[in-house]
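[1] take a look and give me a structure for this.
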Amino acid sequence: MITAVGNPVYDLIVTPRISTDGRVLSGCSTNFALVLAKLGIPVTLIGSAGPDFAEKFEADLKRFGIQYQLLPSKQTGGFSLRYYGDHGERELTLLGEADPIKSFDKAHLKADWIMLGPILQEIDEKLFDWIKNNSSAKIFLDPQGLLRGVREGKIYHESTPQVKKIISQVDVVKPNELETKVLTGIDPRLDPYTPAEEIKSWGPKIVIITLAELGSVIYDGKDFYEIPAFETEAVDATGAGDTYAGGFVSAITKGYDLERAGLFASSVASIMVENTGPDFELDWEEALRRTAVLDKLKRQSFQLLKK
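    Modelled structure (predicted):
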């Protein structure tokens, strides 16, 4: 059993290629859970949603076969995402903010993996300590929502000692390039190895840094695994990192080693960026076909960056 914790959101998305027709289901833990459900792996999603979208949220999750515990909130979270630039840069404007998650049914702590995917400060150190003290599950953290704040309706990013403390206690942490720079002050597009080593020194067992079209790097304290991105035509980068996380945990639960799990995760993310919203098609056959392509590329000449 796998548990995903973090508030769902309903987003408006505008990219140079596509615009959503109204607000669509998204969110870090939500996109993670979508991957597992589409791959046939049981998953439970825990998050807060308000009366504005609660009924739609429940209908959507039942449609995708995701178990859930819906927590009450004054409203449902959401962002307006407007993409610009060549590397998935985007401006986030707040449309709604759901209430923090204080606790949930302890039955969900009896999981093999717990994925923490906050989108805007709904998971804090107190909740993390409660989870850590009551579960033996391995913990995968996407820190995006721990690093975000709101100022005059706009999202800004900053790190705090509490974020570093949480990262120090997880099994896997997966920041993207922006989050890596916020955490370490180092631009991972120029050097992903030094920030990976720095974050690893804080205590997590595995560090994954995703770098959009460049690929990703996985570091376990001994070896760096350089993972290429699957070359494709991206129409919407929303959820790429979330689905990478879903692919990675799915692969690990099937017994894949770190490198092959990274290749599979990259393949899953490539399918997500070819679509927008939650209704993307995903199955093992296509994800494994792309994994084989990436594996061949890696065995030939792929190098993320010159060390």
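[2] what is the burial count for the nearest residue to residue 108 once chain neighbours are set aside?
    In this structure, residue 108 finds its nearest non-sequential neighbour in residue 3, 4.6 Å apart by Cβ to Cβ, 6 or more residues apart in numbering. (Each C-beta comes from the backbone N, C-alpha and C, glycine too.) By other Cβ atoms under 10 Å, 27 other residues sit near residue 3.
[3] my read is that residue 3 contacts residue 112, right?
    No - assessed by Cβ atoms under 8 Å, residue 3 is found out of contact with residue 112, at 9.1 Å.
[4] which non-adjacent residue is nearest the residue minimising distance to the centre of the chain?
    Geometric centre of the chain, nearest residue: residue 242, 2.6 Å, by Cα atoms, centre = their mean. Of all residues not flanking residue 242 in the chain, residue 31 sits nearest, at 3.4 Å (Cβ to Cβ, 6+ apart).
[5] now do residue 12
    Nearest non-adjacent residue to residue 12 (Cβ to Cβ, 6+ apart): residue 80, at 4.6 Å.
[6] where do the helices of the protein begin and end?
    Here the chain has its helices, by DSSP state H, at 28-38, 54-64, 125-134, 161-167, 177-184, 193-202, 240-253, 258-273, 284-300.
[7] can I get these in TSV including distance to residue 89?
    Shown next, in TSV, are the helices of the chain (distance: least, Cβ to Cβ, whole Å):
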stretch	distance to residue 89
helix 28-38	18
helix 54-64	28
helix 125-134	29
helix 161-167	22
helix 177-184	8
helix 193-202	19
helix 240-253	13
helix 258-273	14
helix 284-300	25
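[8] okay, those in a markdown table with distance to residue 229 and mean pLDDT next?
    A markdown table is the format used below for the helices of the chain (distance: least, Cβ to Cβ, whole Å; pLDDT from 0 to 100):
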| stretch | distance to residue 229 | mean pLDDT |
| --- | --- | --- |
| helix 28-38 | 17 | 98 |
| helix 54-64 | 26 | 97 |
| helix 125-134 | 31 | 98 |
| helix 161-167 | 24 | 97 |
| helix 177-184 | 12 | 97 |
| helix 193-202 | 17 | 98 |
| helix 240-253 | 9 | 98 |
| helix 258-273 | 6 | 98 |
| helix 284-300 | 8 | 95 |
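[9] for residue 103, which of those helices is the nearest?
    Residue 103 lies closest to helix 125-134 among the helices of the chain, at 6.3 Å (Cβ to Cβ).
[10] residues of that closest one that come out buried?
    127, 128, 131, 132 (16 or more other Cβ atoms under 10 Å).
[11] same question, stretch 91-102
    92, 94, 95, 96, 97, 98, 99, 100, 101.
[12] and what of stretch 235-242?
    Buried-residue list, stretch 235-242, by 16+ other Cβ under 10 Å: 236, 237, 238, 239, 240, 241, 242.
[13] the closest residue to the third one other than its chain neighbours: how many residues sit nearby?
    Spatially, and ignoring its direct neighbours in sequence, residue 238 is nearest to residue 13 (5.5 Å; Cβ to Cβ, 6+ apart). Look at residue 13: counted by other Cβ under 10 Å, it has 22 neighbours.
[14] give the bridge partners for residue 13, please.
    In this entry, residue 13 is beta-bridged to residue 81, by DSSP bridges.
[15] so what pLDDT did it get?
    You'll see residue 13 listed with a pLDDT of 96.
[16] hmm, back to that, the residue nearest to residue 12 contacts residue 9, correct?
    No - if you go by Cβ under 8 Å, residue 80 and residue 9 don't touch, sitting 10.8 Å apart.
[17] which one of the two has more residues nearby?
    Shown here are residue 80 and residue 9; by other Cβ under 10 Å, residue 9 has more neighbours (29 against 16).
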